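Enquirer: I would like the atomic coordinates for the input below:
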Amino acid sequence: MSIINNILSILEQKGLNQAALCSHLKIGTSTMTTWKKRNTDPPSKYIVPICEFLDVDPYVVLTLKINSIIDLVKDL
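Expert: From the prediction side, this is the model:
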């Protein structure tokens with residue numbers, strides 16, 4: 001699954017809309033539409049702001065996997 005599809009999935013799961021994300025990123029909705037249509041991923045400069053908006057770890061956006069408790073404890 002691509003990063004853009006992961007983002008769209010998380011948006012749907014959290015009941016958030018694409019327009020609000022685009023506003024947060026200061027990009028036009030047409031930019032996100034292009035990413036979806038072409039199945040391309042957002043440039044890397046947008047990954048952290050996207051994660052902040054979605055309130056998820058970048059690992060989740062990049063892989064759509066949620067860290068296990070064991071992984072989180074290892075990082076401490």
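Enquirer: Skip the chain neighbours and tell me the closest residue to P42.
Expert: Nearest residue to P42, sequence neighbours excluded (CB to CB, 6 or more residues apart in numbering): W35, at 6.0 Å. C-beta here means a position set from N, CA and C on the backbone, and glycine is covered the same way.
Enquirer: Pull out the buried residues from the host helix or strand of the one you found.
Expert: Element membership of W35 [criterion: DSSP states H and E] is helix 29-38. For helix 29-38, the neighbour count (16 or more other CB atoms under 10 Å) marks M32, W35 as buried.
Enquirer: export the helix or strand following it as PDB, just CAs?
Expert: Toward the C-terminus, helix 29-38 is succeeded by helix 47-54 as the next helix or strand (DSSP H and E). The C-alpha trace of helix 47-54 is given here as PDB (Å, rounded to 0.1, in the frame of the first residue of the first chain):
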ATOM      1  CA  ILE A  47       5.200  13.700   6.100                       C
ATOM      2  CA  VAL A  48       5.800  15.300   9.500                       C
ATOM      3  CA  PRO A  49       3.100  17.900   9.100                       C
ATOM      4  CA  ILE A  50       0.700  15.200   7.900                       C
ATOM      5  CA  CYS A  51       1.500  13.100  11.000                       C
ATOM      6  CA  GLU A  52       1.000  16.100  13.200                       C
ATOM      7  CA  PHE A  53      -2.500  16.700  11.700                       C
ATOM      8  CA  LEU A  54      -3.400  13.000  11.900                       C
END
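Enquirer: Same question for helix 47-54: list its buried residues.
Expert: Result for helix 47-54 [16+ other CB under 10 Å]: buried residues I47, I50, C51, F53, L54.
Enquirer: Report the contact partners of S2.
Expert: In this structure, S2 makes contact with N39, T40, D41, judged by CB atoms under 8 Å, 6 or more residues apart in numbering.
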